[in-house]
Each structure stands twice: as C-alpha cells, then as structure tokens.
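Novice: Sequence and computational prediction follow.
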Amino acid sequence: MLPGLKPHHIGWAVADVESATALFSGLGYTLEASLPDRTDPNFQVTLRFLRPANEGLLIELVAPTAPGSSVSAILKRSGPGPYHLGFRVDDLDAAGAQLAQRGFLPLSQPHSAPAFAGRLIRFWRSPAIGLIELILWP
C-alpha cells in the first residue's frame, strides 16, 4: 500500500438508502454514529455510512437526490454496487502526487465534503481500477 493512505470506506451506489440499509443490516452492518447522514448538493446525493460487525471497511451508501446526480449514471450503467474506495490521508497533495506517479488522473479539485464535516476530499481515477477518494483526515 502507498505510504500515508489509510483505508476508510467503500462507496456503494444505491437507488434507495433506506432499502439498502435494511439489507445491509441483515448482513450485520449498523449505522456509523460518528458520520451522520448527509446530503451533498455538489454531487446531488444522499450519503449514509454503515459499520460492519467486524473491523472491516465502512460502507458509504450513495443515492441520487436528482436525475442528474453523479451516481445516477453509475446506477444506469452498472446497477447498484461498489464503485469507489475512500482513503484517509494526512496530506492531500502528497497522496495525490503518489497516485499521479502511478497513472491516476485527478477528477476534481480538492473541495469541502459535507459527509466528513467539511474535510477536504479529492477524487482520482485509474483506467485500470476506477475511482479513489482521498479524504484529508489529519
């Protein structure tokens, strides 16, 4: 693993957060109290984090709030399922530089994320493996 990247969550595209929560609950997941539900107007999505019974990665349920949301195209193309990995980092620029050296391309500028109480995030994409989200979490 790249130095400084700490696995945090798997982003999971869903059409309905409540239905998905009920199904994940049956698999042993519970609401993550430290990250309450949020709506992100930039991406036009509702977000909910679930914690597994063991020490695995959180699941971030991502559902569209409008037909043109960032996740609507994913749901149309692939249906519900995982589509990005989120990593906590201490230095957004240094972690981004490491990804760039490995062929990742930035998809956005760093910006404030409602899901993480305004912490900065930045998405990167690799043609080989897809989306990575970096979360500034010192």
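Specialist: Done, it's in.

Novice: Tell me where this protein is predicted with low confidence.
Specialist: For the chain, applying pLDDT under 70 flags the ranges 1.

Novice: Now do the strands in it.
Specialist: Using DSSP state E, the strands of the chain run over residues 6-13, 30-31, 38-40, 45-51, 58-64, 81-89, 105-106, 111-112, 120-126, 130-136.

Novice: Could you find the closest non-adjacent residue to Leu105?
Specialist: Excluding its sequence neighbours, the residue lying closest to Leu105 (Cβ to Cβ, 6 or more residues apart in numbering) is Arg125, at 5.4 Å. C-beta coordinates here come from the backbone N, C-alpha and C atoms, glycine included.

Novice: JSON lines please, covering the strands of the chain and showing mean neighbour count and distance to Ile74.
Specialist: Shown next, in JSON lines, are the strands of the chain (neighbours: other Cβ atoms under 10 Å; distance: least, Cβ to Cβ, whole Å):
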{"stretch": "strand 6-13", "mean neighbour count": "19", "distance to Ile74": "5"}
{"stretch": "strand 30-31", "mean neighbour count": "14", "distance to Ile74": "23"}
{"stretch": "strand 38-40", "mean neighbour count": "16", "distance to Ile74": "15"}
{"stretch": "strand 45-51", "mean neighbour count": "22", "distance to Ile74": "10"}
{"stretch": "strand 58-64", "mean neighbour count": "23", "distance to Ile74": "9"}
{"stretch": "strand 81-89", "mean neighbour count": "18", "distance to Ile74": "5"}
{"stretch": "strand 105-106", "mean neighbour count": "12", "distance to Ile74": "18"}
{"stretch": "strand 111-112", "mean neighbour count": "12", "distance to Ile74": "19"}
{"stretch": "strand 120-126", "mean neighbour count": "19", "distance to Ile74": "13"}
{"stretch": "strand 130-136", "mean neighbour count": "20", "distance to Ile74": "10"}
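
Novice: That concludes my questions; thank you for your assistance.
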